[in-house]
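Colleague: Give me a 3D structure for the following:
(one chain, ligands or ions: 1)
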Amino acid sequence: MPHVNVNLIYVGWENFTTSDKELVDAACWATRQTYWQVGFDIFGFDAYSISVADAAGYAYIDSAVEAAWLTSDYTIPGKSVDVFLVKDYAGSDAGISPCPGTCNKYETYPTRTGSVVELIGAWTKVAMPHEIGHYLGLDDIYNDPTNLMYYSTTSGSPSGIPVLTFAQGVKIAQHCFTSLP
Ligand SMILES: [Zn+2]
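Modeller: Down below sits the predicted model:
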């Protein structure tokens, strides 16, 4: 099955509680289930951590500029999608990603070389695959709240696995980080 690998980078490691780490595990599992719908796998989920001291201001992301610098400063070379996990991202955004993400993670600011995902309770299970979707080239969509790439999360709890269409599956298979079986 075509697939990509993911690096999980915990920003401000000491701030993550046991339940936060369980939530991340659940989000990884939900991410795989979401992409399986289109015969695509997301795995690896190699974990890295940046200590609170090293993360400095990055433990709390105030702006898109700061998110861009974070991905540039702490990129992990290779062909895996970097997913930076943060406990706090200012404002209503639950994350940010380039669309599509670069093939060359040695590029520096203002190129964003990874995705940033905020832990937002159960919605993290949608935010993580959504941001990875952007990296793989999927745009936000505005007319279908059941689709993974719907531009905005809603209140309440997420219901079930968000939808990916055949066309979206074709698109992500063409990203330079996608490996064929
Ligand atoms: Zn989006």
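Colleague: Residue 53 looks like it's in a helix, true?
Modeller: Yes. Residue 53 sits within a helix when classified using DSSP: H, G, I helix; E, B strand; the rest coil.
Colleague: So what's the predicted local confidence for it?
Modeller: At residue 53, the predicted lDDT confidence score is 90.
Colleague: ok, and the closest non-adjacent residue to residue 147?
Modeller: Using CB to CB, 6 or more residues apart in numbering and skipping residues adjacent in sequence, the residue nearest residue 147 is residue 163, 5.0 Å away. All C-beta atoms are positioned from the backbone trio N, CA, C, and that covers glycine.
Colleague: got the contact list for the helix or strand of the chain with the lowest mean pLDDT?
Modeller: Lowest by mean pLDDT, DSSP states H and E among the helices and strands of the chain is strand 88-89, with a mean of 82. Applying CB atoms under 8 Å, 6 or more residues apart in numbering, the external contacts of strand 88-89 come out as 59, 60, 61, 67, 95, 96, 116, 118.
Colleague: measure the second one to residue 151 for me?
Modeller: The span separating residue 60 from residue 151 equals 24 Å under the rule CB to CB, to the nearest Å.
Colleague: All the helices of this structure, in order from the start?
Modeller: 18-36, 52-55, 64-73, 124-135, 166-173 (DSSP state H).
Colleague: Please consider this matter closed, and thank you.
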